[in-house]
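*Asks:* sequence isn't available, so here's the structure alone:
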C-alpha cells in the first residue's frame, strides 16, 4: 500500500471517530498502522497480549492499549521526502515566563533544603490552528524526524496525540533489556562539538545513578556505557545506554515498567518526592506527556517502549505542546525557560503550515 493510501485510510478512520495508532521505529522507513475496529477503551496491567500501549505520566500499573487482535494491521515502507524547516517564532506571554521562573526558584529551594537532587519541571504551550488536516500532520511528522520514534495516537476518550521521541524507555527481548539515561540539552551548532558544563554533566550522572539503583531490584546483570552526544532534531543531549539481564521468573514487563517509570529524566530523584512535587506544583495535568508508549509482541517477551517526549495533543483546533527540563542545584531560571523555548521547535515544525 502506498503512503498516500495509508493517509487516506487513517483520515477516514479518524473521521469516523475510531481509535488508531500509526508509528515508526527510529531509523526505520516501515510505517505501522493499527486501526481498531471498535471504540472500546482497553486498559491493562499485565501486558499479556500483542498491542500498542499508551501510558500516562501519573501511572499506577495500568495503561491504555490498542489490541492487535481487534484491529486491522498494515505495515508499509515509505520513501522519506525532504521537508522544509525554518525557525518559528511564537508569542510567549511574559507573565507565563515569570510564573515558570518562579516555579524553578521553588524547585531550587526544595533542592537546597535536601529534599531532592533533581526535579523535572514542565509547562504547556497552547496554539490555535487555522486549519487542521491529519494527513498533513502525519506526513510532516514522519518525514521530519526519521531518527526518532514517531507516532500518532487517537482514541475518542484520550484525544489525538503525536510525537517524535528521542528517548528509549525500555526494550526487552526475552530476559535481555535496554534502557537509556538522556539529559542535558543544547541547540545543534553547525560544525561545533557541544561543550557540556558542570550542571549538565552532573544532571546526567544523577539520572544514570538513579536508574541503575532502581534496576537492581529486578535485574541480575546491569551494564552502563560511556556517556556520549545524542542528536535529536535541532537539539543534542547527553546519552548513556544501560543494558542487562532481568531476573528469571521474577520480573514481568509490568514489574519493570513500574520500577523505571517515571524515570529521573522526566521526573527527578528521589522518584517519589519528585513526582509528588510535580503533581502539586506544575499547575496543569501532564496527561500522557512524559508517560510511555510503544508496541508489545510475543506475549510480552518483546517490547519497544519509548518516553513520550517532544509531543503534543490536538483538540478542537487547539494544539497543546509540552516541554520541560531537569532542575538541579546549578540551574538558572532564565536559562531553563530558554531551554523550553528551544524544545518547542520540534513540534512547531510539524504544525507550522496549519498555524
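*Replies:* Great, that's in hand. Predicted model, so just to flag it, every value in this text is computed and none were measured. Numbers count the residues shown, from 1 in each chain.
*Asks:* C-alpha only now, for contacts and for neighbours.
*Replies:* Fine.
*Asks:* please, where are all the helices along the stretch 1-150 of the chain?
*Replies:* With DSSP state H, counting those that start in this stretch as the criterion, the stretch 1-150 of the chain has helices at 3-15, 94-112, 134-144.
*Asks:* can you add mean neighbour count and give those helices back as a markdown table?
*Replies:* What follows is those, written out as a markdown table (neighbours: other C-alpha atoms under 10 Å):
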| stretch | mean neighbour count |
| --- | --- |
| helix 3-15 | 15 |
| helix 94-112 | 16 |
| helix 134-144 | 19 |
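*Asks:* which parts of the helix or strand in which residue 203 is found are buried?
*Replies:* Element membership for residue 203 (DSSP states H and E) is helix 198-215. For helix 198-215, the neighbour count (16 or more other C-alpha atoms under 10 Å) marks 200, 202-204, 206-208, 210-212, 214-215 as buried.
*Asks:* okay, among the residues you listed, which ones form the most distant pair?
*Replies:* Farthest pair in the buried residues of helix 198-215 (C-alpha to C-alpha) is 200 and 215. Separation: 22.9 Å.
*Asks:* quick revisit: any chance of the helices of the stretch 1-150 of the chain in TSV with distance to residue 248 and mean pLDDT as columns?
*Replies:* Shown next, in TSV, are the helices of the stretch 1-150 of the chain (distance: least, C-alpha to C-alpha, whole Å; pLDDT from 0 to 100):
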stretch	distance to residue 248	mean pLDDT
helix 3-15	40	94
helix 94-112	38	97
helix 134-144	37	95
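*Asks:* any chance of those in a markdown table, plus distance to residue 355?
*Replies:* As requested, the helices of the stretch 1-150 of the chain are exported to a markdown table (distance: least, C-alpha to C-alpha, whole Å):
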| stretch | distance to residue 355 |
| --- | --- |
| helix 3-15 | 20 |
| helix 94-112 | 21 |
| helix 134-144 | 12 |
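*Asks:* of those helices, which is nearest residue 61?
*Replies:* Using C-alpha to C-alpha, the nearest of the helices of the stretch 1-150 of the chain to residue 61 is helix 94-112, at 27.3 Å.
*Asks:* which residues does the closest one contact?
*Replies:* For helix 94-112, contacts defined as C-alpha atoms under 8 Å, 6 or more residues apart in numbering pick out 116-119, 121, 123, 281-282, 327-329, 331, 333-334, 336-337.
*Asks:* and what of stretch 209-225?
*Replies:* With C-alpha under 8 Å, 6+ apart as the criterion, stretch 209-225 contacts 181, 240-247, 250-251, 255-256, 259-260, 263-264, 269-270.
*Asks:* 6 Å - rerun?
*Replies:* Contact with stretch 209-225 is made by 240-247, 251, as judged by C-alpha atoms under 6 Å, 6 or more residues apart in numbering.
*Asks:* let's have these in JSON lines, adding pLDDT.
*Replies:* Shown next, in JSON lines, are the contacts of stretch 209-225 (pLDDT from 0 to 100):
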{"residue": "240", "pLDDT": "97"}
{"residue": "241", "pLDDT": "97"}
{"residue": "242", "pLDDT": "97"}
{"residue": "243", "pLDDT": "96"}
{"residue": "244", "pLDDT": "94"}
{"residue": "245", "pLDDT": "94"}
{"residue": "246", "pLDDT": "92"}
{"residue": "247", "pLDDT": "90"}
{"residue": "251", "pLDDT": "80"}
